[in-house]
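Visitor: 3D, please:
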Amino acid sequence: MLLQVWSWERLHVGRPTRIAEAEVDPDIDPLAAHWRVRASSQENPRPHTLPFYRDQLDMQIEEQVTWQPYTDEILQRLPPSCLEGQEIWSAEVPLICFDLVEWHLPSRVMRQFGWVQDIPPTKSTETTLHNKDRRGMRVTDWEDYRHQYITLWEDRHDYVVNGVRDPTRVAHFGQYMNWYRRITRQHISPIPARRRMVFHPEGGARHFMECGIMHAFERHFEALDALDPTNEVARQAIVDIGNSLRQMHRLFRTVRLVDDVEPNPQLGHDDEVLADGVDNPQDMDETD
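Guide: Got it, this is the predicted structure:
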């Protein structure tokens, strides 16, 4: 239930439509209480559900993500017990419950704290921790067995992560995104063999098209650098190609917005007309 509400608050994929507003006491009820009403799932198809959700996640763009659903207004209404320990909310430490240990790594999700996302430091999540449970270990002294992690937790104030506040979007060609695209699997679904009368995911095809646009946009800078500076006609032609690619990239990313998604107030929007030239790959991010 907790994971489901987390998803509904932040992502549009699979989110039901509330038919009415819930009667919520802001001084007592948690944020999730406003989902305690009749809701419709008509926009979420029943057959082929998994391929549909995967495809929607593949095509998701930044405006469809609410990074911080807990606004300052909501936080001000919460009882004091919900706000205790704020100084360690971003501590990079193990979370422990008897035999269970999970690493809390806020440096990987800085935007959920309203901070600029930089390339996070390399950190092992120690997946071998999941190989041990209480089976066959009923008499284990877990305080002694997990001593090293308990020590880290007790020193949690020494491991608080801080960042630079910035409400703007992440630069698509910035250092972090270039690194992220290099180390991660960007899309869930491969391009499928198209069969008749079944749902056909589009995410994979869009991914290849977007990568092609991005690659061509980067190469046009190389062409500009290698061009004879006295050849103004050729220079202007390459600049026009770059501007066209930038427009295509912006259109490609914005047409994926679903009709019922409101603009995200946490993000800025730049509707300025393209200039005659694009001098830096970062400029492509101003409108994508």
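
Visitor: Now do Q42 against I19, distance only.
Guide: As for Q42, its distance to I19 is 11 Å (criterion: CB to CB, to the nearest Å). Where you see a C-beta, it was placed from the backbone N, CA and C, and this is true even at glycine.

Visitor: Quick check, pLDDT for E202.
Guide: Looking at E202, its pLDDT reads 68.

Visitor: correction: W35
Guide: Reported pLDDT for W35: 86.

Visitor: residues in contact with it?
Guide: 5, 8, 18, 22 (CB atoms under 8 Å, 6 or more residues apart in numbering).

Visitor: Which of those sits closest to I183?
Guide: Within those, the smallest distance to I183 is 28.6 Å, found for W8 (CB to CB).

Visitor: distance of R246 from F221?
Guide: Taking CB to CB, one finds R246 at 12 Å from F221.

Visitor: So the two - more neighbours on which side?
Guide: R246 (23 against 15; other CB atoms under 10 Å).

Visitor: Can you pull the phi/psi pair for the residue most central in space within the chain?
Guide: What sits nearest the mean C-alpha location of the chain, by CA atoms, centre = their mean, is V65, with 6.6 Å. Per-residue torsions, V65: phi -110, psi 130 (degrees, to the nearest 10).

Visitor: And the pLDDT for it?
Guide: 87.

Visitor: roughly how far apart are it and I188?
Guide: 16 Å.

Visitor: and of the contacts of W35, the nearest to D133?
Guide: For the contacts of W35, the nearest to D133 is V5 (26.5 Å; CB to CB).

Visitor: Could you tell me the backbone phi and psi angles at I96?
Guide: The phi/psi pair for I96 (degrees, to the nearest 10) is phi -130, psi 130.

Visitor: Could you give the number of residues near W179?
Guide: Other residues close to W179 by other CB under 10 Å number 13.

Visitor: Was I right to think it contacts I119?
Guide: Yes. Counting by CB atoms under 8 Å, I119 is a contact partner of W179 at 5.0 Å.

Visitor: What are the buried residues along stretch 15-31?
Guide: 15, 24, 31 (16 or more other CB atoms under 10 Å).

Visitor: pLDDT of that stretch, averaged?
Guide: pLDDT averaged over stretch 15-31 gives 80.

Visitor: Mind putting the buried residues of stretch 15-31 into a markdown table with secondary structure?
Guide: As requested, the buried residues of stretch 15-31 are exported to a markdown table (DSSP: H, G, I helix; E, B strand; the rest coil):
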| residue | secondary structure |
| --- | --- |
| R15 | coil |
| V24 | coil |
| L31 | helix |
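
Visitor: ok, those residues vs D55, which is closest?
Guide: Of the buried residues of stretch 15-31, the one sitting nearest to D55 (CB to CB) turns out to be R15, at 15.6 Å.

Visitor: So what does the residue nearest to the closest one when sequence neighbours are not counted have for phi and psi?
Guide: Among residues not flanking R15 along the chain, W8 sits closest, at 4.8 Å (CB to CB, 6 or more residues apart in numbering). Per-residue torsions, W8: phi -60, psi -40 (degrees, to the nearest 10).
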